[in-house]
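pasting the structure only:
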Ligand code: ZN
């Protein structure tokens, strides 16, 4: 029997890989859109079927809380690659209810980091505004509207790319439109 998580994953993988079972898909998403959402585990294999899409249909970018901290950082970089290199024509920012990044207790986060051996001086030097840097927010809807605004206002994203904002329920799969990118 396998012991570690890595061993269990590799064991599952050895049963999963079957030559010829998965026909090659094109690199460009078939439905030509990008999703920017949260890394929440409940969204895995749930958000995509809830949107009627599957493997090969869309670019998916994820981070903690679907937040954009640096307007020229990794999220915008990925969207620029998606639009200019991979044929993406629309962008969907999808937050979700009950997000772990809503109401983060920054003092408690700092405490947990230092308890695990992270130097206080490293936090102060690298991420002095810890709450801002981690992307904490209080309302998922407000965060989605804010992120849609940042992407919409980015001078690096073409004006004709609709940017939609939605909220997803991780329990029943319902999607609610917060910002309609066509308007
Ligand atoms: Zn989340």
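Looks like it arrived, so ask away. What you see is a predicted model, and the numbers here were worked out from it, not measured in a lab.

now the spatially most central residue of the chain, what's its secondary structure?
With distances taken as C-alpha atoms, centre = their mean, the residue of the chain nearest its centroid is residue 62 (2.0 Å). Of the three states, residue 62 takes strand under DSSP: H, G, I helix; E, B strand; the rest coil.

do the same with residue 166
Relying on three-state DSSP, one would call residue 166 strand.

list the contacts for it?
Applying C-beta atoms under 8 Å, 6 or more residues apart in numbering to residue 166 gives the contacts 92-95, 144, 175-178. Where C-beta positions appear, they are placed from N, C-alpha and C, glycine not excepted.

what about 7 Å?
Residue 166 is in contact with 92, 94, 175-178, counting by C-beta atoms under 7 Å, 6 or more residues apart in numbering.

now do the lowest-mean-pLDDT helix or strand in the chain: which elements does it pack against?
Within the chain, no helix or strand scores below helix 130-134, which has a mean of 92 by mean pLDDT, DSSP states H and E. Applying 3 or more C-beta pairs under 7 Å, 6 or more residues apart in numbering; DSSP states H and E, we find helix 130-134 packed against helix 106-115.

summarise which helices and strands the helix it packs on is packed against.
Against helix 106-115 (3+ C-beta pairs under 7 Å, 6+ apart) you get helix 120-126, helix 130-134.

the shortest one and the ion in contact?
No - residues of helix 130-134 are not located near the ion by C-beta under 5 Å from the ion, the shortest gap being 12.4 Å.

name the surrounding residues that touch that helix.
69, 104, 106, 109-110, 123, 127.

drop anything exposed from those.
The neighbour count (16 or more other C-beta atoms under 10 Å) marks 104, 110, 123 as buried among the contacts of helix 130-134.

my read: the second one touches residue 123, true?
Yes - checked against C-beta atoms under 7 Å, the pair residue 110 and residue 123 is within contact range at 6.5 Å.

from the contact counts, what lies against the following helix or strand past the least confident helix or strand of the chain?
Once the chain leaves helix 130-134, the next helix or strand it forms, by DSSP states H and E, is helix 140-153. For helix 140-153, the packing partners by 3+ C-beta pairs under 7 Å, 6+ apart come out as strand 90-96, strand 163-168, strand 175-179.
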